[in-house]
Structures are given as structure tokens and as C-alpha cells.
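*Asks:* please work out how this folds:
(one chain, ligands or ions: 2)
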Amino acid sequence: MKDLLTAPFMVEMIRTTANMYAHGWDERNGGNISLLLDEGEVREYLDTGKVIRNIPTGFAAPELDGRYFLVTGTGKYFKNVQYAPEVNLGVVRLTDGGQTAALLWGYADGGQFTSEFPAHMMSHVARLAVDAQNRVVMHCHPANLLAMTYVHTLDEREFTRTLWQMCTECIVVFPDGVNVLPWMLCGTNEIGEATAEKMKTARLVVWSQHGIYGAGKDLDETFGLIETAEKAAEIYMKIAYLPRINTITDEQMHLLEQRFGVKGREGYLD
Ligand code: 13P
Ligand code: ZN
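*Replies:* Residues are numbered from 1 along each chain as shown. Ligands and ions are numbered 1, 2, ... in the order given. Prediction:
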């Protein structure tokens, strides 16, 4: 059996949490990540028959029965993951129609998966139905996206169009745009269901006055997705109170669509 701490998915998870902390997106225990793993790759590092303990999830997700995830722990600080991965992360297998998470490794201080586990697992179900390559759900609290939810309309078309206008490559990186939830109580099945519903049509879902969810095929790509949206929000927050005399026009957006072979969300461009 190989050492789990040398697994490429583990190394990437540790680097990603450290990088997200360095970007200021994950103060204290803010943020959480879940990464879908192949049973085959887990078996190289862990005896999948050895369950440390079973943890009830509080929801059902039959689509994910038998699937393995590497998940950040609740109350854990992203800045600390690199120093104590076995305390701050866990590898779980969903069983019992998703109602139980069998812990195979981690949460060594008796902890458990993130309080946002419902939003993560339900979002995996939603994204896997759209794209079988989707493996990552990532949540964090980037300052400018959050700030934007205080001063910008939460209308999804308007919110998306503003972000697209802030950097030329935004429409290329997130042509589906950004979906937006109003403020909701976090850590609940309700916000999980609402997030998953929004994940059916976009890979980015803003939680107003809280943060953002991103989904993608790997950690790097999902990080880059949030990074791009946050950069656009930063530009917006720099210019929002100034008279705007230039912008990226819809005509120019159509040129970008052609050049990069993408299609902006239906009805979002004139
Ligand atoms: P956890 O520490 O439970 O992951 O919660 C952090 C967070 O960002 C809640 O939305
Ligand atoms: Zn949060």
C-alpha cells in the first residue's frame, strides 16, 4: 500500500487549500472542498474494507452511493491543512443511499466533514448529470464577489453581464455565467438543494453576503474559475462608483464567442 500523503490528489488538495488561504478567500475555517475520487486510485493507498467510523449525513444522495470523496473537515482552517492533513481532511465513501459516510481516513481528532456537505454532495449530483468529468466542488469567501452582493442587483443576467464586462476573458472562462442565491441559512439541506438546483445551469453559484461555489473537472480548473470571477468582481468594486465611459460591448462579446468557440448563456447577450 502506498503512502496516501504522496497521492497526487492529496498533494493537489494540500496545495489548493494553502493557495486559497493565501488569496484571502478562506479566513479562519471559511471555505470547504470536496473532490470525487476513483475507487481504483483510493485502493492504491487505503484498505477500502477498513472503516474507521460511520457518520450520518442527514440527507440522501442515491446517485453517489459507493462513491469516494476527499473532503475538508468542519471547523478546520485551510491554512493548517498542509501541516496536519490527517486532522483537517477526510476520505469517505458514501453508503446507504448517501445517508452515511464511511470514514476511511482522516478527521483524526474525531471531527467530521464540512457543515456544507449537503451543498457539496447535492452539487456533485447536479454537475455529474451535466458533465461526467466533474470531480470538484469548491466553496470560499472571496472579498470582492461578496462585496458585490451588497451593492449590485442579484438578478443573474445582470450579475453575469457585469462580470463578463470586467475582463475580456470572463465570457470565455464562464460562458454559462453565474447563478445567484439570495441570503440563506448556511449548512442546511435547504441551501444544499437550492445550490444544486442552480448548479444545473452554471458552474458558479454566488451565495449572497456569504461567498461562492464553483464546480469543475479538477482542483486547478475550479480554482481558476473562481479566481477569474473574483478578479472581475475586484475590477467592478474598483470602478462601480466612477462614471463608466468605456466597456466591453455585446458586439465584442460575440467576437469572443467566435474566436474561442464558446457560447454565452442563452439570452444573456443582446
Ligand atoms: P465548515 O468549517 O463547516 O467547512 O464551514 C465553513 C464555511 O464556509 C461555511 O459556509
Ligand atoms: Zn462559507
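
*Asks:* remind me what the one helix or strand Val11 maps to packs against, helices and strands.
*Replies:* With the criterion set as DSSP states H and E, the secondary-structure element containing Val11 is helix 8-22. Applying 3 or more CB pairs under 8 Å, 6 or more residues apart in numbering; DSSP states H and E, we find helix 8-22 packed against strand 32-37, strand 68-72, helix 78-81, helix 85-88, helix 219-239. Quick note: C-beta positions are derived from backbone N, CA and C, even for glycine.

*Asks:* for it, list every residue counted as buried.
*Replies:* 9-10, 12-14, 16-21 (16 or more other CB atoms under 10 Å).

*Asks:* dump it to PDB, restricted to CA.
*Replies:* The C-alpha coordinates for helix 8-22 follow below in PDB (Å, rounded to 0.1, in the frame of the first residue of the first chain):
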ATOM      1  CA  PRO A   8      -1.300  13.200  -6.500                       C
ATOM      2  CA  PHE A   9      -4.900  14.100  -5.400                       C
ATOM      3  CA  MET A  10      -3.700  14.600  -1.800                       C
ATOM      4  CA  VAL A  11      -0.800  16.700  -2.800                       C
ATOM      5  CA  GLU A  12      -3.000  18.800  -5.100                       C
ATOM      6  CA  MET A  13      -5.600  19.200  -2.300                       C
ATOM      7  CA  ILE A  14      -3.000  20.400   0.200                       C
ATOM      8  CA  ARG A  15      -1.600  22.900  -2.400                       C
ATOM      9  CA  THR A  16      -5.000  24.200  -3.300                       C
ATOM     10  CA  THR A  17      -6.100  24.800   0.300                       C
ATOM     11  CA  ALA A  18      -2.800  26.700   1.000                       C
ATOM     12  CA  ASN A  19      -3.200  28.700  -2.200                       C
ATOM     13  CA  MET A  20      -6.800  29.600  -1.400                       C
ATOM     14  CA  TYR A  21      -5.800  30.700   2.000                       C
ATOM     15  CA  ALA A  22      -3.000  32.800   0.500                       C
END
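
*Asks:* contacts for that helix, please.
*Replies:* The set of residues that contact helix 8-22 without belonging to it, under CB atoms under 8 Å, 6 or more residues apart in numbering, is 4-5, 26, 31, 33, 35, 37, 41, 70, 72, 77-79, 81-82, 85, 88-89, 138, 140, 218-220, 223.

*Asks:* so which of those residues also contact ligand 1?
*Replies:* Among the contacts of helix 8-22, the residues that sit close to ligand 1 (CB under 6 Å from any ligand atom) are 31, 72.

*Asks:* got the contact list for Trp207?
*Replies:* Contacts of Trp207 by CB under 8 Å, 6+ apart are 181, 183-184, 186, 191, 195, 213.

*Asks:* what subset of those is buried?
*Replies:* The neighbour-count test (16+ other CB under 10 Å) marks 181, 191, 195, 213 as buried among those.

*Asks:* picking up where we left off before, now the buried residues of helix 8-22 as JSON lines including pLDDT?
*Replies:* Formatted as JSON lines, the entries for the buried residues of helix 8-22 read as follows, by pLDDT from 0 to 100:
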{"residue": "Phe9", "pLDDT": "98"}
{"residue": "Met10", "pLDDT": "98"}
{"residue": "Glu12", "pLDDT": "98"}
{"residue": "Met13", "pLDDT": "99"}
{"residue": "Ile14", "pLDDT": "99"}
{"residue": "Thr16", "pLDDT": "98"}
{"residue": "Thr17", "pLDDT": "99"}
{"residue": "Ala18", "pLDDT": "98"}
{"residue": "Asn19", "pLDDT": "98"}
{"residue": "Met20", "pLDDT": "99"}
{"residue": "Tyr21", "pLDDT": "99"}
